[in-house]
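> prediction below, plus the sequence it came from.
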Amino acid sequence: MKKNSVRQLTISALLVAMGIIIPMVMPRITIGPASFTLASHVPVFLAMFFSPGVAVAVSLGTGFGFFLSATPIIAVRALSHLLFALIGAMYLQKHPTIVLTKNKFSLFNGRFQLFNFVIGLIHSVAELAVVSAFYTMGNMPETYYTQGYMYSIFLLMGIGGLIHSLVDYNIAYFVANALSKQFDIPVFSQAKKLEQVKITILPQETRI
């Protein structure tokens, strides 16, 4: 138990560090006045494949980390990730086989992408609520008000944020799937065990 706790703490710390560093070094797609950093959400998504505890720790860690290294709105948006990360991690823990696919790429796994879409929707709605609050209080750059709420906030931050989330989750999945072949990533390990049990039981059922 103690060894497992130390392992989860170490993984959480590494993912928090990645979550803070990635926005500083990864390329950005700018659609004025908003910008989207490639893979900025990947560490939080990766945390979901370990456990709800790791997901919560990484969400809180990156959020508080941004209070020291970025603007308040970025930090609060990062803290809002706690919502989708906890829900997603709890679902994956109960339904780990969702990460398994018969196809080479997860893009062809409808159940997986439906989960991705729901998590992305929770993600974008939470961030949209945060940004809308700052917008209402007049704490956004002038360019956001010039473009108007529907374009600069709802369209770019809401719809654009959803697309950003979908892309980052697929990146996180490919990374986790590749790593799971060499390391123990709980959701993938549990999914493989359940699949193996299913394969073992099926021949017995067909003989009845």
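Cool, got the structure.
> hey, where'd the strands end up in the protein?
Taking DSSP state E as the criterion, the chain carries its strands at 28-31, 34-37.
> what strands line up against the last one, and which way round?
So the one you mean is strand 34-37. Strand 34-37 has the following strand partners under DSSP bridges: strand 28-31 (antiparallel).
> tell me the mean pLDDT for the strand it pairs with?
Strand 28-31 shows a mean pLDDT of 83 in the predicted model.
> packed most tightly, which of the strands of the chain would that be?
Using mean count of other C-beta atoms under 10 Å, the stretch among the strands of the chain with the largest mean neighbour count is strand 34-37, at a mean of 17. Glycine gets a C-beta too; all of them are placed from N, C-alpha and C.
> picking that back up, do you know which of the strands of the chain lies nearest F117?
Nearest to F117 among those is strand 34-37 (17.6 Å), distances taken as C-beta to C-beta.
> buried sites along stretch 56-69?
Residues of stretch 56-69 classed as buried under the neighbour-count rule (16 or more other C-beta atoms under 10 Å) are V56, A57, V58, S59, L60, G61, T62, G63, G65, F66.
> and the contacts of that stretch?
With C-beta atoms under 8 Å, 6 or more residues apart in numbering as the test, stretch 56-69 has contacts from 8-9, 12-13, 15-16, 19-20, 43-44, 47, 74-76, 78-79, 81-82, 85-86, 89.
> report the distance from that stretch to the chain centre.
Using C-alpha atoms, centre = their mean, to the nearest Å, the mean C-alpha position of stretch 56-69 is found 14 Å from that of the whole chain.
> pLDDT of that stretch, averaged?
The predicted model gives stretch 56-69 an average pLDDT of 92.
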